[in-house]
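Trainee: Coordinates only, no sequence provided:
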């Protein structure tokens, strides 16, 4: 329901985040299941990652930024475009659950989107012909369903079973073609 409320927020939007070291964009589809209820939402995302900061924007299918999660040394902040709701806390996953109705794997997604487990934390990997195809970390299952010709992930499926009060969730990400950046 919270995702639907965000989708109906109208034309309100958040200003673009300051650029960080790495940026990824693409489409997402989220499916949550709790008891007999199943909810779907979709749109676009932009993920910017720096050495000690991560910013994730979720947008409507037409490009209006609905929510921004900013994680750094200060903790986590989640802002929505509708009514300017801002929540602060130490855990982005808990903030997303509170505001959006489903958790987001902010602690690992900056690495997972590049097709690797986050360093310094246990993971269980699956390889095929020497290429990483899936892994589990922090209670999430990450499948690299397709790669670009250059080897970076194109389609990623991130899922986690229900954990009260959080629903089971499956996030399907389809990344835009990586853009080469000029050396500075």
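Mentor: Structure received. Note that the structure is a prediction, hence the values are computed from the model and not measured. Numbering: from 1, shown residues only.
Trainee: so after the helix or strand where residue 42 lies, what's the next helix or strand?
Mentor: In the assignment (DSSP states H and E), residue 42 maps to strand 37-49. As assigned by DSSP H and E, the chain's next helix or strand after strand 37-49 is strand 54-59.
Trainee: Give me the packing partners of that next one, helices and strands only.
Mentor: strand 37-49, strand 65-72, helix 109-112 (3 or more C-beta pairs under 8 Å, 6 or more residues apart in numbering; DSSP states H and E). Where C-beta positions appear, they are placed from N, C-alpha and C, glycine not excepted.
Trainee: relative orientation of it and strand 65-72 in degrees?
Mentor: 170 degrees (axes from the mean of the first three to the mean of the last three C-alpha atoms, to 10 degrees).
Trainee: what angle do the longest helix anywhere in the chain and strand 54-59 make?
Mentor: Taking DSSP state H as the criterion, the chain has its longest helix at helix 92-100. With the same axes, to 10 degrees defining the directions, helix 92-100 sits at 20 degrees from strand 54-59.
Trainee: Give me the distance from helix 92-100 to the chain's centre.
Mentor: 12 Å (C-alpha atoms, centre = their mean, to the nearest Å).
Trainee: and stretch 92-105, average pLDDT?
Mentor: Stretch 92-105 carries an average pLDDT of 88.
Trainee: Next one, pLDDT for the closest residue to residue 73 other than its chain neighbours please.
Mentor: The shortest distance from residue 73 to any non-neighbouring residue, by C-beta to C-beta, 6 or more residues apart in numbering, is to residue 52 (5.7 Å). pLDDT, residue 52: 87.
Trainee: What is the neighbour count of residue 52?
Mentor: Using other C-beta atoms under 10 Å, residue 52 has 10 other residues around it.
Trainee: gap between it and residue 109?
Mentor: From residue 52 across to residue 109, the span is 15 Å (C-beta to C-beta, to the nearest Å).
Trainee: Show me the shaky parts of the protein.
Mentor: 1-20, 83, 179-184 (pLDDT under 70).
Trainee: Let's see that with 80 instead.
Mentor: Applying pLDDT under 80 to the chain picks out residues 1-20, 82-85, 178-184.
Trainee: which stretches of it form strands?
Mentor: 22-34, 37-49, 54-59, 65-72, 75-80, 86-89, 123-128, 131-137, 140-147, 153-160, 168-175 (DSSP state E).
Trainee: Rebuild those strands as JSON lines, extending it with mean neighbour count and distance to residue 104.
Mentor: Converted to JSON lines, the strands of the chain look like this (neighbours: other C-beta atoms under 10 Å; distance: least, C-beta to C-beta, whole Å):
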{"stretch": "strand 22-34", "mean neighbour count": "17", "distance to residue 104": "9"}
{"stretch": "strand 37-49", "mean neighbour count": "18", "distance to residue 104": "10"}
{"stretch": "strand 54-59", "mean neighbour count": "23", "distance to residue 104": "7"}
{"stretch": "strand 65-72", "mean neighbour count": "22", "distance to residue 104": "6"}
{"stretch": "strand 75-80", "mean neighbour count": "19", "distance to residue 104": "9"}
{"stretch": "strand 86-89", "mean neighbour count": "13", "distance to residue 104": "13"}
{"stretch": "strand 123-128", "mean neighbour count": "12", "distance to residue 104": "18"}
{"stretch": "strand 131-137", "mean neighbour count": "16", "distance to residue 104": "15"}
{"stretch": "strand 140-147", "mean neighbour count": "18", "distance to residue 104": "10"}
{"stretch": "strand 153-160", "mean neighbour count": "20", "distance to residue 104": "9"}
{"stretch": "strand 168-175", "mean neighbour count": "19", "distance to residue 104": "8"}
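Trainee: That's all I had, so thanks and see you.
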